[in-house]
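S.K.: just coords:
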């Protein structure tokens, strides 16, 4: 019998549940400052992303961020969001917010697709850009998949996204997967070790994996969905894991045009094999 999927709304969180098994894939939602995905579960029910960290309250699950963004003479930051970390942290200057206007859920054969209409507003609440955020949460026999696409539209004039480390799409990794807890970072070509195996370089995928007491291995895999793109990856041992096209240079979008980026995130149980990784990257 074919599975069906339903969306259960808990306050602002839209949880995707497989009807016949009760399996929860994860949740999509938004607060006043931004939309993001949290939680996000392996088939056995273990989350692989963190809602936020004490010292980085704006690293939210699976998310999009960018700072700064420039439209004409205006500039705003969409990387950080309240609460502040200190009185002197410059990342909170000219702080904008991502105003989520609407979230539409569309049932699919193996999960649910969410389409979010988002207006990026500067500190004076004046629109800077429009965004269409698409999130596909779906099941595989041995994993849970989140495909996230962010299409940023220059609806209010030409846009520049300057070179920065504060962008563009990624995750805050669950602490139990981190090197400090004995976790390992994996990349293509058999690379294995700490974050240095892939930080600021290219790879078909990046993985954080660890042994969970009483359960066995579990992990999270990231793969870039943009055609022909393998990086650059910005990977930190404290759990910040990004695909950041603006790490190496600025991106400019003429008025009326858009910049689109996409990332696949996979939550899995068991050990990662070459075959599993290749299959997931080629879905």
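M.R.: Yes, it's here. Bear in mind the structure is a predicted one, so any value in this text is a computation, not a measurement.

S.K.: pretty sure residue 246 is in a strand, no?
M.R.: No: assigned with DSSP: H, G, I helix; E, B strand; the rest coil, residue 246 falls outside any strand and is helix.

S.K.: neighbours of the spatially closest residue to it that is not a sequence neighbour, just the number please.
M.R.: Nearest residue to residue 246, sequence neighbours excluded (Cβ to Cβ, 6 or more residues apart in numbering): residue 167, at 4.6 Å. All C-beta spots, glycine's among them, are computed from the backbone N, C-alpha and C. Neighbours of residue 167 under the rule other Cβ atoms under 10 Å: 26.

S.K.: Below-threshold pLDDT in this protein: ranges please.
M.R.: For the chain, applying pLDDT under 70 flags the ranges 1-2.

S.K.: Next up, the contacts around the spatially most central residue of it.
M.R.: Most central in the chain under Cα atoms, centre = their mean is residue 62, positioned 3.0 Å from the mean C-alpha point. If you count contacts by Cβ atoms under 8 Å, 6 or more residues apart in numbering, residue 62 has them with 36-38, 40, 49, 146, 148, 170-171, 263, 265.

S.K.: what would those look like in TSV with distance to residue 229 and neighbour count?
M.R.: As requested, the contacts of residue 62 are arranged in TSV below (distance: Cβ to Cβ, whole Å; neighbours: other Cβ atoms under 10 Å):
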residue	distance to residue 229	neighbour count
36	22	28
37	21	24
38	25	20
40	23	26
49	22	28
146	18	27
148	15	25
170	14	25
171	17	30
263	10	23
265	16	25
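
S.K.: Any chance of a markdown table for those, columns secondary structure and distance to residue 71?
M.R.: Shown next, in a markdown table, are the contacts of residue 62 (DSSP: H, G, I helix; E, B strand; the rest coil; distance: Cβ to Cβ, whole Å):
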| residue | secondary structure | distance to residue 71 |
| --- | --- | --- |
| 36 | strand | 23 |
| 37 | strand | 27 |
| 38 | strand | 29 |
| 40 | strand | 32 |
| 49 | strand | 31 |
| 146 | strand | 30 |
| 148 | strand | 24 |
| 170 | strand | 24 |
| 171 | strand | 28 |
| 263 | strand | 25 |
| 265 | strand | 30 |
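
S.K.: Please tabulate those in TSV, including the columns distance to residue 278.
M.R.: Formatted as TSV, the contacts of residue 62 follow (distance: Cβ to Cβ, whole Å):
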residue	distance to residue 278
36	28
37	24
38	28
40	22
49	23
146	19
148	21
170	22
171	21
263	18
265	17
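
S.K.: which one of these is nearest residue 207?
M.R.: residue 265 (10.7 Å; Cβ to Cβ).

S.K.: nearest spatial neighbour of that closest one, skipping sequence neighbours?
M.R.: Spatial nearest neighbour of residue 265, excluding adjacent residues (Cβ to Cβ, 6+ apart): residue 146 at 4.5 Å.

S.K.: Residue 82: which of the contacts of residue 62 is nearest?
M.R.: Nearest to residue 82 out of these is residue 36 (Cβ to Cβ; 14.6 Å).

S.K.: In this structure that closest one contacts residue 30, no?
M.R.: Yes: the criterion here is Cβ atoms under 8 Å, and residue 36 meets it with residue 30 at 7.4 Å.

S.K.: Many thanks, we can stop here.
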